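A.B. asks: could you look at this predicted model? Sequence included:
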Amino acid sequence: NVEVSRNTNVEIISNNAIGYADLKKDTAAFLSQPLYESYMSLSSYIKHVSYQLDKIINNYSRVYFKFHPRESDAFKNLIKLRFFDKVIFIENQILEDFIEEYRPLVAFSFFSDALFKLKSKGLKVRFLYSEVDELKNKRYLRNISNIVKQLEKDSEK
(Lines give C-alpha, C1' and ligand atoms only; values in the text may rest on other atoms or scores of the structure.)
Protein backbone atom coordinates (compact mmCIF):
# COMPACT_ATOMS: atom_id res chain seq x y z
CA ASN A 1 0.00 0.00 0.00
CA VAL A 2 2.68 2.45 -1.03
CA GLU A 3 1.79 5.33 -3.31
CA VAL A 4 4.21 5.77 -6.18
CA SER A 5 4.56 9.38 -7.25
CA ARG A 6 6.73 8.84 -10.28
CA ASN A 7 5.95 7.47 -13.69
CA THR A 8 7.18 3.88 -13.51
CA ASN A 9 6.56 1.13 -16.01
CA VAL A 10 5.24 -2.05 -14.44
CA GLU A 11 5.89 -5.44 -15.93
CA ILE A 12 4.45 -8.66 -14.63
CA ILE A 13 6.92 -11.52 -14.68
CA SER A 14 5.32 -14.90 -15.10
CA ASN A 15 6.10 -17.62 -12.64
CA ASN A 16 7.66 -20.55 -14.43
CA ALA A 17 8.02 -22.66 -11.29
CA ILE A 18 7.22 -26.29 -11.85
CA GLY A 19 4.74 -27.44 -9.24
CA TYR A 20 5.03 -30.49 -7.08
CA ALA A 21 2.96 -33.46 -8.24
CA ASP A 22 1.00 -35.97 -6.20
CA LEU A 23 0.78 -33.96 -2.98
CA LYS A 24 -0.86 -35.93 -0.17
CA LYS A 25 -4.05 -34.24 1.02
CA ASP A 26 -3.96 -35.96 4.42
CA THR A 27 -0.42 -34.70 5.08
CA ALA A 28 0.80 -31.39 6.51
CA ALA A 29 4.16 -29.87 7.32
CA PHE A 30 5.09 -27.37 10.00
CA LEU A 31 8.15 -25.27 9.18
CA SER A 32 9.81 -24.14 12.36
CA GLN A 33 11.63 -20.83 12.81
CA PRO A 34 13.87 -19.93 15.75
CA LEU A 35 11.65 -17.00 16.77
CA TYR A 36 12.95 -17.29 20.32
CA GLU A 37 16.19 -15.71 19.07
CA SER A 38 14.53 -12.31 18.69
CA TYR A 39 10.74 -12.21 19.01
CA MET A 40 9.81 -14.16 22.14
CA SER A 41 11.15 -16.40 24.84
CA LEU A 42 11.82 -20.08 24.24
CA SER A 43 8.98 -21.06 26.59
CA SER A 44 6.57 -18.76 24.76
CA TYR A 45 7.63 -20.16 21.40
CA ILE A 46 7.16 -23.74 22.61
CA LYS A 47 3.70 -22.80 23.89
CA HIS A 48 2.70 -21.34 20.50
CA VAL A 49 4.20 -24.16 18.47
CA SER A 50 2.52 -26.75 20.70
CA TYR A 51 -0.85 -25.06 20.37
CA GLN A 52 -0.57 -24.96 16.58
CA LEU A 53 0.70 -28.53 16.31
CA ASP A 54 -2.20 -29.80 18.41
CA LYS A 55 -4.62 -28.15 15.96
CA ILE A 56 -2.78 -29.48 12.91
CA ILE A 57 -2.59 -33.01 14.32
CA ASN A 58 -6.36 -33.00 14.76
CA ASN A 59 -6.89 -32.23 11.07
CA TYR A 60 -4.27 -34.33 9.25
CA SER A 61 -3.37 -38.01 9.33
CA ARG A 62 0.33 -37.35 9.01
CA VAL A 63 2.23 -34.30 10.26
CA TYR A 64 5.88 -33.52 9.58
CA PHE A 65 7.85 -31.03 11.62
CA LYS A 66 10.77 -29.54 9.71
CA PHE A 67 13.36 -27.93 11.93
CA HIS A 68 15.02 -24.72 10.81
CA PRO A 69 18.81 -25.15 10.33
CA ARG A 70 19.53 -22.66 13.17
CA GLU A 71 17.20 -24.35 15.66
CA SER A 72 18.67 -24.80 19.13
CA ASP A 73 19.17 -28.21 20.68
CA ALA A 74 17.11 -27.06 23.67
CA PHE A 75 14.11 -26.37 21.44
CA LYS A 76 14.56 -29.58 19.46
CA ASN A 77 14.68 -31.68 22.59
CA LEU A 78 11.67 -30.03 24.22
CA ILE A 79 9.41 -30.20 21.17
CA LYS A 80 10.45 -33.78 20.39
CA LEU A 81 9.67 -34.80 23.96
CA ARG A 82 6.22 -33.21 23.76
CA PHE A 83 5.26 -34.65 20.32
CA PHE A 84 7.47 -37.73 19.87
CA ASP A 85 4.48 -40.01 19.22
CA LYS A 86 2.37 -37.65 17.09
CA VAL A 87 4.73 -35.92 14.66
CA ILE A 88 7.49 -37.03 12.32
CA PHE A 89 10.54 -34.81 12.86
CA ILE A 90 12.81 -33.84 9.98
CA GLU A 91 16.31 -32.50 10.53
CA ASN A 92 19.16 -31.60 8.21
CA GLN A 93 17.20 -31.85 4.97
CA ILE A 94 16.81 -28.98 2.54
CA LEU A 95 13.26 -27.83 1.95
CA GLU A 96 13.00 -28.93 -1.68
CA ASP A 97 14.20 -32.44 -0.90
CA PHE A 98 11.83 -32.64 2.07
CA ILE A 99 8.81 -31.69 -0.08
CA GLU A 100 9.83 -34.05 -2.87
CA GLU A 101 10.15 -36.95 -0.44
CA TYR A 102 7.12 -36.46 1.83
CA ARG A 103 4.73 -34.47 -0.44
CA PRO A 104 2.58 -32.62 2.11
CA LEU A 105 -0.35 -30.71 0.60
CA VAL A 106 -0.29 -27.99 3.26
CA ALA A 107 2.58 -26.13 4.90
CA PHE A 108 2.20 -24.13 8.12
CA SER A 109 4.59 -21.62 9.64
CA PHE A 110 4.40 -18.40 11.59
CA PHE A 111 5.86 -16.24 8.81
CA SER A 112 8.56 -18.22 7.04
CA ASP A 113 9.40 -16.85 3.60
CA ALA A 114 9.56 -20.48 2.46
CA LEU A 115 5.76 -20.45 2.38
CA PHE A 116 5.86 -18.04 -0.57
CA LYS A 117 8.06 -20.43 -2.54
CA LEU A 118 5.93 -23.44 -1.63
CA LYS A 119 2.74 -21.65 -2.66
CA SER A 120 4.25 -20.93 -6.08
CA LYS A 121 4.87 -24.66 -6.46
CA GLY A 122 1.34 -25.76 -5.63
CA LEU A 123 1.20 -26.28 -1.87
CA LYS A 124 -1.50 -24.75 0.27
CA VAL A 125 0.07 -22.43 2.83
CA ARG A 126 -1.01 -21.08 6.19
CA PHE A 127 0.72 -18.18 7.95
CA LEU A 128 0.14 -18.38 11.70
CA TYR A 129 1.63 -15.08 12.92
CA SER A 130 -1.76 -13.41 13.30
CA GLU A 131 -2.68 -15.92 16.03
CA VAL A 132 0.27 -14.92 18.23
CA ASP A 133 0.09 -11.76 20.34
CA GLU A 134 3.86 -11.23 20.21
CA LEU A 135 3.73 -11.23 16.40
CA LYS A 136 0.38 -10.03 15.13
CA ASN A 137 1.02 -6.35 15.80
CA LYS A 138 4.54 -6.21 14.40
CA ARG A 139 4.50 -3.45 11.79
CA TYR A 140 6.27 -5.40 9.04
CA LEU A 141 3.92 -8.36 9.50
CA ARG A 142 0.85 -6.12 9.34
CA ASN A 143 2.22 -4.83 6.03
CA ILE A 144 2.16 -8.31 4.47
CA SER A 145 -1.35 -9.12 5.67
CA ASN A 146 -3.02 -8.40 2.32
CA ILE A 147 -0.52 -10.57 0.48
CA VAL A 148 -0.98 -13.39 3.00
CA LYS A 149 -4.78 -13.16 2.78
CA GLN A 150 -4.62 -13.48 -1.00
CA LEU A 151 -2.20 -16.41 -0.87
CA GLU A 152 -4.33 -18.25 1.65
CA LYS A 153 -7.52 -17.46 -0.30
CA ASP A 154 -5.89 -18.89 -3.44
CA SER A 155 -4.85 -21.95 -1.40
CA GLU A 156 -8.48 -22.71 -0.56
CA LYS A 157 -9.33 -23.29 -4.22
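C.D. replies: That came through, no problem. Values in this document were obtained by computation on a predicted structure and should not be read as measured data.

A.B. asks: number of nearby residues for the spatially closest residue to L123 that is not a sequence neighbour?
C.D. replies: Distances taken as CB to CB, 6 or more residues apart in numbering put A107 closest to L123, at 5.2 Å, once the chain neighbours are dropped. For the C-beta atoms, the positions are set from N, CA and C on the backbone; glycine is no exception. For A107, the number of neighbouring residues by other CB atoms under 10 Å comes to 26.

A.B. asks: immediately after the helix or strand harbouring A107, which helix or strand?
C.D. replies: Secondary structure assigned from DSSP states H and E places A107 in strand 104-109. Using DSSP H and E, the next helix or strand after strand 104-109 towards the C-terminus is helix 114-120.

A.B. asks: so what's the gap between that following helix and the chain middle?
C.D. replies: On the basis of CA atoms, centre = their mean, to the nearest Å, helix 114-120 sits 9 Å off its chain's mean C-alpha point.

A.B. asks: would you mark the buried spots in that helix?
C.D. replies: By neighbour count on 16 or more other CB atoms under 10 Å, the buried set for helix 114-120 is 114-115, 117-119.

A.B. asks: same check, this time on stretch 128-135
C.D. replies: By 16+ other CB under 10 Å, the buried positions in stretch 128-135 come out as 128-129, 132, 135.

A.B. asks: what mean pLDDT does it have?
C.D. replies: pLDDT averaged over stretch 128-135 equals 87, rounded to a whole number.

A.B. asks: other residues contacting it?
C.D. replies: Counting by CB atoms under 8 Å, 6 or more residues apart in numbering, stretch 128-135 makes contact with 35, 39-40, 44, 48, 52, 108-111, 136, 138, 141, 145, 148, all of which sit outside it.

A.B. asks: and which of these is nearest D26?
C.D. replies: Distance from D26 was checked for each of those by CB to CB. The minimum falls on F108, at 14.7 Å.

A.B. asks: correct me if wrong: that closest one contacts L31.
C.D. replies: Yes - shown here, F108 and L31 form a contact pair, counting by CB atoms under 8 Å, at 7.1 Å.

A.B. asks: for the chain, just list every one of the helices.
C.D. replies: Under the criterion DSSP state H, the chain contains helices at 42-59, 73-83, 95-102, 114-120, 133-136, 139-143, 145-155.
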